[in-house]
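Student: test case, fold it:
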Amino acid sequence: MPKVLLIDDDAALTGMLTEFLRGEGFEIATAFNGREGAVAALDPMLDAVILDVMMPDISGHETLQRIRSKSSVPVIMLTAKGAEDERAAGLEMGADDYIAKPYYARELLARLKAVLRRQAPGKSPQVFKAGRLRLFPAQREVTFDDALLDVTMSEFNLLETLLRSGDAVATKDELSWSVSGRRREQYDRSVDVHVSNLRKKLCTISDKTILIETVRAVGYRLKVTG
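Tutor: I've put the predicted structure just below:
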């Protein structure tokens with residue numbers, strides 16, 4: 001039974017969502033402010049977090065920063081409809097997906113299941129390699145010279161797709177399916193944001209010997225320079 005943490009100050013909405021998700025086979029934990037939520041999100045038994053942006057004590061973005069400083073648990077953010085800046089900010093801070101309020105419970109359920117499917121290890125090769133970089137699908141770990149690289153679930157899926165593509169270009173549509181589990185929409189920059197975050201981490205850990213190359217109007221390709 002997957003365990004999900006709901007962080008939202010709206011007690012009525014949280015109660016209805018809790019009842020709905022329990023009916024769908026989920027174990028639910030709740031927190032009604034960001035400070036409590038950031039602590040509760042460190043539960044090692046958690047499979048995912050659903051986090052509201054608008055909260056009275058600390059914002060969802062600050063809550064996400066606190067979570068990401070200690071955990072890579074998948075996080076779906078709830079944002080106001082049309083708040084593109086909020087969504088971009090959440091993705092840049094390490095959110096895995098977002099959904100606009102008001103939303104249909106079935107849509108949120110579909111997004112949650114997609115996140116959990118991407119998290120679960122599949123029938124992947126034991127290891128992918130690029131220079132001194134190693135990605136282990138079963139363990140969901142990335143290393144460079146045996147040093148662990150701290151990546152979010154979306155960044156892991158993105159990197160795996162790039163490694164699978166080899167010398168070929170991974171299109172933005174392909175990366176959108178691997179990162180968000182859905183078709184890329186016009187003006188959707190979520191893939192670009194995740195690429196930017198992952199690129200910085202790879203440059204730092206590899207001293208710029210593992211790069212993500214931009215292929216204009218097409219997508220991205222992993223490049224090894226050393």
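Student: can you tell me the centre-most residue of this structure?
Tutor: residue 96 (2.3 Å; Cα atoms, centre = their mean).
Student: how far away is it from residue 152?
Tutor: From residue 96 across to residue 152, the span is 6 Å (Cβ to Cβ, to the nearest Å). C-betas here are computed from N, CA, C, even on glycine.
Student: joint contacts of those two?
Tutor: Among the neighbours of residue 96, those also in contact with residue 152 (Cβ atoms under 8 Å, 6 or more residues apart in numbering) are residue 74.
Student: which SSE is immediately downstream of the helix-or-strand element of the chain with minimal mean pLDDT?
Tutor: Scoring the helices and strands of the chain by mean pLDDT, DSSP states H and E places helix 84-92 at the bottom, with a mean of 78. Once the chain leaves helix 84-92, the next helix or strand it forms, by DSSP states H and E, is strand 97-101.
Student: and the longest helix seen in the chain, C-alpha only, in CSV?
Tutor: With secondary structure taken from DSSP state H, the chain has its longest helix at helix 190-206. Coordinates of the C-alpha atoms in helix 190-206 are reproduced here as CSV (Å, rounded to 0.1, in the frame of the first residue of the first chain):
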residue,chain,number,x,y,z
SER,A,190,9.2,21.8,-17.3
VAL,A,191,11.7,19.6,-19.2
ASP,A,192,14.0,22.6,-19.7
VAL,A,193,13.9,23.4,-16.0
HIS,A,194,14.7,19.8,-15.0
VAL,A,195,17.5,19.7,-17.6
SER,A,196,19.0,22.9,-16.2
ASN,A,197,19.0,21.6,-12.7
LEU,A,198,20.5,18.3,-13.7
ARG,A,199,23.1,20.0,-15.9
LYS,A,200,24.3,22.0,-12.9
LYS,A,201,24.7,18.9,-10.8
LEU,A,202,26.5,17.0,-13.4
CYS,A,203,28.9,19.9,-14.2
THR,A,204,29.7,20.3,-10.5
ILE,A,205,30.3,16.6,-9.6
SER,A,206,32.2,15.8,-12.9
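Student: now do the helix or strand following that helix: distance to the chain's middle.
Tutor: Later in the chain than helix 190-206, the nearest helix or strand by DSSP H and E is strand 210-215. How far strand 210-215 lies from its chain's middle: 20 Å, per Cα atoms, centre = their mean, to the nearest Å.
Student: try stretch 201-209
Tutor: Taking mean C-alpha positions (Cα atoms, centre = their mean), stretch 201-209 and its chain are 21 Å apart.
Student: residues making contact with that stretch?
Tutor: 131-133, 144, 147, 149-151, 155, 210-212, 224-226.
Student: just the buried ones from these?
Tutor: Buried by 16 or more other Cβ atoms under 10 Å: 132, 133, 144, 149, 151, 155, 210, 211, 212, out of the contacts of stretch 201-209.
Student: surely the fourth one and residue 143 touch.
Tutor: Yes: using Cβ atoms under 8 Å as the test, residue 149 is close enough to residue 143 to be in contact (6.5 Å).
Student: tell me the pLDDT of the closest residue to residue 14 other than its chain neighbours.
Tutor: Using Cβ to Cβ, 6 or more residues apart in numbering and skipping residues adjacent in sequence, the residue nearest residue 14 is residue 8, 4.9 Å away. We have a pLDDT of 94 for residue 8.
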